[in-house]
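Student: with the input below, show me the fold.
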Amino acid sequence: MEQAHQPARRAYAYAWSGHRNPEREQATLRVWMGAAVLLAYGVFAWLHPSHDASLVTRLIALYVAYGAMTLLVVSRMSAPSLARLTVTTIADQALLGLALAAGGATALPLLWVVFWFLIGSGCRYGKRTLAVSCVTALIVVVALGIWQPWWSANLPAAIGLGLSVLGASVYLSVLVDRLGNANRDLARQASTDPLTGLSNRYALEQIVNRAMHAPEADDNGATALLLIDLDGFKEVNDTYGHAVGDMLLQSFAQLLARRMRKTDTIARLGGDEFVVLAHQVRDRGAVLSVADSIHSALSTITSVQERPVSVSASIGACLLSSATAARRADMSAVLRAADRAMYRAKSLGEGKTVFAETRDFESG
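Tutor: Numbers count the residues shown, from 1 in each chain. Below is the predicted model:
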């Protein structure tokens, strides 16, 4: 069974799980936080003029300009870039290192920024980017301890900063792992039907919308949605009670999971309605083959807890390409069309499959 959410690229699996754009968020913070620090150092340089204060102020201004440039680039890019993320992560700590090297004691108030970068990298993008930021910061600390006069004269401070960076990174790595696991658990719960363990309506909607808006390659074939309604389920509920009815639904879900192809998506909409989203089907004949597998699976369920049952399925099938051609490119329209086809299947008797036609998309 296909999972509700396909895994994203590993570097962005944590950061891009929601609808926000963390790269743009980080670029915006570069500008605003950098501008605030620039203002503070500008006032300090004006009240206590010195070569170091002036140099640090100019370097902070350079960082603000760099932040504005990254914000402009990110705003114009529609997709995340692993290479861009790596470069900006290194540049953040490297430019800060230049300010610490240029200002010596005057730049010490900027030390908090080292940890701000670590936290931002880890919490937005995960462990890989956190590691890049940590390694860059440690290289900066080593370089300061060797070549910068103030840090060379205060080597224990450099060692303490390096250990703090390392300790904070290890702690953040553990925290990111826990937050990532918690987010994945919440996403799984939000997209899973609690009774059957199949995908739920929300998860199905995400997959259908992606499939409808993605260009279909001829080699991969089309995608079809099969809406399944169990005939005879109400009689089982009325005769044996809801507990047996629930067990029937669970048995059917398990059979579907075993019999359908790994490329297909299986979901429960609620009640006795299920959906199979069949990917890579060549034509209606291939869709009918999937439907026949569903009918065959149901025919094997003859008893539940030693109670005899007789259930079949009425199936309404809809090719997503038909919905797109009818300019109804959303799951609600597809389900309505499949639902109309399914009721026509019911009118033909038990165990029938009917395809949605163009007229099924015409009324809302």
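Student: quick one: the helices in this structure?
Tutor: For the chain, the helices defined by DSSP state H occupy 22-47, 51-76, 82-103, 111-125, 127-147, 149-153, 155-190, 201-213, 233-240, 242-259, 284-299, 320-325, 331-347.
Student: the fourth one: how far from the chain's middle?
Tutor: Put plainly, it is helix 111-125. Chain-centre distance of helix 111-125: 22 Å, with Cα atoms, centre = their mean, to the nearest Å.
Student: also the fifth one?
Tutor: Distance of helix 127-147 from the chain centroid (Cα atoms, centre = their mean) equals 30 Å.
Student: pLDDT of it, averaged?
Tutor: Mean per-residue pLDDT for helix 127-147: 94.
Student: could you list the buried residues of it?
Tutor: 127-130, 132-134, 136-138, 140-141, 143-145 (16 or more other Cβ atoms under 10 Å). Using the backbone N, CA and C atoms, a C-beta is placed for each residue, glycine as well.
Student: try the first one
Tutor: For helix 22-47, the buried set under the neighbour-count rule, 16+ other Cβ under 10 Å, comprises 22-24, 26-28, 30-31, 33-35, 37-38, 41, 44-45.
Student: per the record, what domains does the chain have?
Tutor: 10-190, 201-361 (automatic domain parsing).
Student: identify, from the buried residues of helix 127-147, the entry nearest to Pro308.
Tutor: Nearest to Pro308 among these, counting by Cβ to Cβ, is Lys127 at 54.9 Å.
Student: relative to Leu198, how far out is the closest one?
Tutor: From Lys127 across to Leu198, the span is 31 Å (Cβ to Cβ, to the nearest Å).
Student: quick one: low-confidence parts of the stretch 51-200 of the chain?
Tutor: Within the stretch 51-200 of the chain, the stretches with pLDDT under 70 are 78, 180, 182-189.
Student: run the last query once more with 80
Tutor: Across the stretch 51-200 of the chain, the ranges flagged by pLDDT under 80 are 77-81, 179-191.
Student: what sits against the closest residue in space to Thr300 that isn't next to it in sequence?
Tutor: In space, and not counting its chain neighbours, Thr300 is closest to Leu255: 6.9 Å by Cβ to Cβ, 6 or more residues apart in numbering. Shown in contact with Leu255 (Cβ atoms under 8 Å, 6 or more residues apart in numbering): 297-298, 300-301.
Student: buried subset of the residues you listed?
Tutor: For the contacts of Leu255, buried by 16+ other Cβ under 10 Å: 297-298, 301.
Student: in TSV, list the helices of the chain along with distance to Phe355.
Tutor: As requested, those are exported to TSV (distance: least, Cβ to Cβ, whole Å):
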stretch	distance to Phe355
helix 22-47	43
helix 51-76	44
helix 82-103	43
helix 111-125	45
helix 127-147	47
helix 149-153	74
helix 155-190	32
helix 201-213	17
helix 233-240	23
helix 242-259	20
helix 284-299	6
helix 320-325	8
helix 331-347	6
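Student: these: which one's closest to Phe274?
Tutor: With Cβ to Cβ as the yardstick, what comes closest out of the helices of the chain is helix 242-259 (6.9 Å).
Student: give me the distance between the closest one and the centre of its chain.
Tutor: Counting by Cα atoms, centre = their mean, helix 242-259 comes out at 29 Å from the chain centroid.
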